[in-house]
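Colleague: Quick one, structure for this:
(2 chains)
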There are 2 protein chains.
Amino acid sequence: MIEPFDDAYFMKKAIQEAEKAYDSGEIPVGAIVVVDNKIIARAHNLTETLHDVTAHAEMQAITAAANYLGGKYLSGCTMYITLEPCQMCAGALYWSQISKIVYGATDQHRGYTVMGAKLHPKTEVVSGVMEQESASLLKRFFIEKRNLN
Amino acid sequence: MIEPFDDAYFMKKAIQEAEKAYDSGEIPVGAIVVVDNKIIARAHNLTETLHDVTAHAEMQAITAAANYLGGKYLSGCTMYITLEPCQMCAGALYWSQISKIVYGATDQHRGYTVMGAKLHPKTEVVSGVMEQESASLLKRFFIEKRNLN
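Modeller: The predicted model follows:
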């Protein structure tokens, strides 16, 4: 059976990005940007590798997508993210006027909703897509990190 | 008389960065990062030039300062910014754990305070330093932009 281009299909691609982060010792978060079922940007968290707090998956995906499109606005685009964005990434998504975001796991400590930040009123939000898969990867990362110390 | 290394001294340097943005047709916002009276990063808004909503002065200054210091945390650093940070930049400053921020003009529409975003509890905030100079530059930019259209 041919796999449909639905939210789960694209979230799997974002999780593949998160797995790359995991393999590099980075907090495993991945993001992709999709337009008309085409992936135009893929990114994963690189804060440790780059020693840069701004190198979240979403920030890099926004920059890459804008570069691909040749303009700074991401209207018509959907971003799939394995974890709820933080307030920095929500703020960047706000400026991009992206049409839709779909995220997996909720971040109850540093997610944009609990922190009070806002997305653009034009942005549709879907949450909980393949939540368990994303949350399990994060949980495994932090357990392994604790065991190393 | 030798000029003291006070908040006004460093804010003037940030305004010089904002003037570079102005000259490039960018919304005139500048930021510098200071440690022990030494400027370790200078940046100005480049969102139009780079077609990238993430290219705010503060974001670039954080990346440059972390690169200079060789680590992602900016404890011990002060950022001087001509305009109140937006929620994206406040979120990035939050992750950096910067010790202090000093800003000039308030952004009553898109500033982090009105948007509900938060800085790190460790971060001291000073506002209103050379507010008029920064606000005037922004006002002039938007009047000229309107007159061009």
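
Colleague: The residue positioned nearest the centre of chain A is in what secondary structure piece?
Modeller: By Cα atoms, centre = their mean, chain A has its centre lying nearest to A:I81, at 2.7 Å. A:I81 belongs to strand A:78-83 when assigned by DSSP states H and E.

Colleague: Buried ones in the least confident helix or strand in chain A by mean pLDDT, by neighbour count?
Modeller: For chain A, counting by mean pLDDT, DSSP states H and E, helix A:131-148 ranks last in confidence among helices and strands (a mean of 94). For helix A:131-148, a neighbour-count test (16 or more other Cβ atoms under 10 Å in any protein chain shown) marks A:131, A:133-135, A:137-138, A:141 as buried. All C-beta spots, glycine's among them, are computed from the backbone N, C-alpha and C.

Colleague: A:N67 against B:A55, yeah?
Modeller: No. Counting by Cβ atoms under 8 Å, A:N67 sits too far from B:A55 to count as a contact (11.5 Å).

Colleague: Could you pick out the residues of chain A near chain B for me?
Modeller: Within reach of chain B by Cβ under 8 Å from any Cβ of the partner chain, chain A has these residues: A:47-48, A:51-54, A:59, A:62-63, A:66-67, A:70-73, A:86-92, A:94-96, A:115-118.

Colleague: Could I have the buried ones of these as PyMOL selection syntax?
Modeller: Command for PyMOL that selects the buried part of the residues of chain A next to chain B, burial taken from 16+ other Cβ under 10 Å:
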select buried, chain A and resi 47+51+52+53+54+59+62+63+66+72+86+87+88+89+90+91+92+94+95+96+115+117+118
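
Colleague: From A:T106, how far off is A:Y94?
Modeller: Here the criterion is Cβ to Cβ, to the nearest Å. By it, A:Y94 lies 19 Å from A:T106.

Colleague: just for chain A, where's the confidence low?
Modeller: A:149 (pLDDT under 70).

Colleague: Which residue ranges of it form helices?
Modeller: For chain A, the helices defined by DSSP state H cover A:7-23, A:47-50, A:57-69, A:87-96, A:112-115, A:131-148.

Colleague: what number of residues lie near A:L50?
Modeller: When neighbours are defined as other Cβ atoms under 10 Å in any protein chain shown, A:L50 has 16 of them.

Colleague: what about it, distance to B:T63?
Modeller: Using Cβ to Cβ, A:L50 is found at 8 Å from B:T63.

Colleague: Also A:A105?
Modeller: Taking Cβ to Cβ, one finds A:A105 at 27 Å from B:T63.

Colleague: Please apply the same query to A:T78.
Modeller: Applying Cβ to Cβ to A:T78 and B:T63 gives a distance of 27 Å.

Colleague: and stretch A:2-22, C-alpha only, in CSV?
Modeller: Once non-C-alpha atoms are left out, stretch A:2-22 reads as follows in CSV (Å, rounded to 0.1, in the frame of the first residue of the first chain):
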residue,chain,number,x,y,z
ILE,A,2,1.3,3.5,-0.9
GLU,A,3,1.7,5.6,2.3
PRO,A,4,-0.5,8.7,2.2
PHE,A,5,1.0,12.2,2.6
ASP,A,6,-0.6,12.9,5.9
ASP,A,7,0.6,14.4,9.2
ALA,A,8,2.0,11.1,10.4
TYR,A,9,3.9,10.7,7.2
PHE,A,10,5.7,14.1,7.6
MET,A,11,6.1,13.7,11.3
LYS,A,12,8.0,10.5,10.7
LYS,A,13,10.5,12.6,8.6
ALA,A,14,10.8,15.1,11.5
ILE,A,15,11.5,12.2,13.9
GLN,A,16,14.2,11.0,11.5
GLU,A,17,15.8,14.4,12.0
ALA,A,18,15.4,14.1,15.8
GLU,A,19,17.2,10.8,15.6
LYS,A,20,20.1,12.5,13.9
ALA,A,21,20.3,14.9,16.8
TYR,A,22,20.2,12.0,19.2
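
Colleague: Buried ones in that stretch, by neighbour count?
Modeller: Buried residues in stretch A:2-22 (16+ other Cβ under 10 Å): A:7, A:10-11, A:14-15, A:17-18, A:20-22.

Colleague: I figured A:I40 was touching A:F10, is that so?
Modeller: No. The criterion here is Cβ under 8 Å, and A:I40 misses it with A:F10 at 11.7 Å.

Colleague: what residues are shared contacts of the two?
Modeller: A:V34 (Cβ atoms under 8 Å, 6 or more residues apart in numbering or on different chains).

Colleague: Provide a list of residues in contact with the closest residue in space to A:S24 that isn't next to it in sequence.
Modeller: Among residues not flanking A:S24 along the chain, A:T49 sits closest, at 6.2 Å (Cβ to Cβ, 6 or more residues apart in numbering or on different chains). Applying Cβ under 8 Å, 6+ apart, we find A:T49 in contact with A:24, A:26, A:55.
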